[in-house]
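Undergrad: Give me the fold of what follows.
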Amino acid sequence: MDERQIIEAALDCEDSSDAVWPAIAERIRAARELSGLSWEAVAEHLREAPSHFWDLELYDDELFRVVSVNTIGRLAGIFGITVDEVLFGISAQPPAARTSFADIAARLSRLLASENLTVDDLGDRIGWDVSRVLADPESLGDYNVDGFRRVCNTIDVDWVTALPRPRDNAG
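TA: Numbers count the residues shown, from 1 in each chain. Predicted coordinates for the structure are as follows:
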């Protein structure tokens, strides 16, 4: 099983205590150390308190359940690697296709219209409020990976195709 399959299975796990994650915390620690930065320096780049990120090096699920997709992109930029490398390992290849946040918002709008749903109905289906995404597609990056993936899955978009790419994540 490759890292993406492990992540998908962990995110799908009904009981989060049963989820098995790849060694993301170790990968983040190694990337930070290779970049020669302390957590204080990383936090300064991100304009956040260092304590906001310490758990990223302790718990493998933190990156998926706590940190926003935008923050993962910024971390990748600070470490000089891609989002795909942060999430899936050094051998990860970014997908050839790309899905924009605007396209995701447009697909959500089409789903609302085609199924005659309210925004609240759609939010209930996904498990996340999508009203902000419909008003401002770039706010999709404020979701954690779990929420980001759920939104994308609802409209049959491969969430990995919508992740920030190197040109998107200037720190």
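Undergrad: count of residues packed around Gly36?
TA: 7 (other Cβ atoms under 10 Å). Just so you know, the C-beta spots here come from the backbone N, C-alpha and C atoms, and that holds for glycine as well.
Undergrad: you'd agree it is in a strand?
TA: No: using DSSP: H, G, I helix; E, B strand; the rest coil, the secondary structure at Gly36 is coil, not a strand.
Undergrad: And the pLDDT at the residue of the chain most remote from its centre?
TA: In the chain, the greatest distance from the average C-alpha position (Cα atoms, centre = their mean) is reached by Asn116, at 28.8 Å. If you check Asn116, the pLDDT there is 97.
Undergrad: and it, that's in a helix?
TA: No: counting by three-state DSSP, Asn116 is located in no helix; its state is coil.
Undergrad: wait, what's in contact with it?
TA: Counting by Cβ atoms under 8 Å, 6 or more residues apart in numbering, Asn116 touches no other residue.
Undergrad: Roughly how far does it sit from Arg110?
TA: 12 Å (Cβ to Cβ, to the nearest Å).
Undergrad: Please parse the chain into its domains.
TA: Domain segmentation of the chain under automatic domain parsing yields 3-88, 101-166.
Undergrad: Show me the shaky parts of the protein.
TA: Applying pLDDT under 70 to the chain picks out residues 166-171.
Undergrad: Would you map the helices across this structure?
TA: Assigned by DSSP state H, the chain shows helices spanning 3-12, 24-34, 39-46, 62-65, 69-79, 83-88, 101-114, 119-126, 131-135, 145-154.
Undergrad: hmm, who's touching the second one?
TA: Right, helix 24-34. Helix 24-34 is contacted from outside by 39, 42, 56-64, 75, 79, 81, 85-87, 89, using Cβ under 8 Å, 6+ apart.
Undergrad: nearest spatial neighbour of Asp129, skipping sequence neighbours?
TA: Gly123 (4.6 Å; Cβ to Cβ, 6 or more residues apart in numbering).
Undergrad: For the one you found, give me its contacts.
TA: Contacts of Gly123 by Cβ under 8 Å, 6+ apart are Asp129, Val130, Ser131.
Undergrad: what about the helices of the chain, which gets the closest to Pro164?
TA: Closest to Pro164 of the helices of the chain, according to Cβ to Cβ: helix 69-79, at 3.3 Å.
Undergrad: coming back round to it: nearest to Pro95, of the domains of the chain?
TA: Here domain 101-166 is closest among these (Cβ to Cβ), at 4.9 Å.
Undergrad: distance between the closest one and the chain's centre?
TA: 13 Å (Cα atoms, centre = their mean, to the nearest Å).
Undergrad: I figured Arg149 hits Asp12, correct?
TA: No: Arg149 lies out of contact with Asp12 (Cβ atoms under 8 Å); the separation is 9.5 Å.
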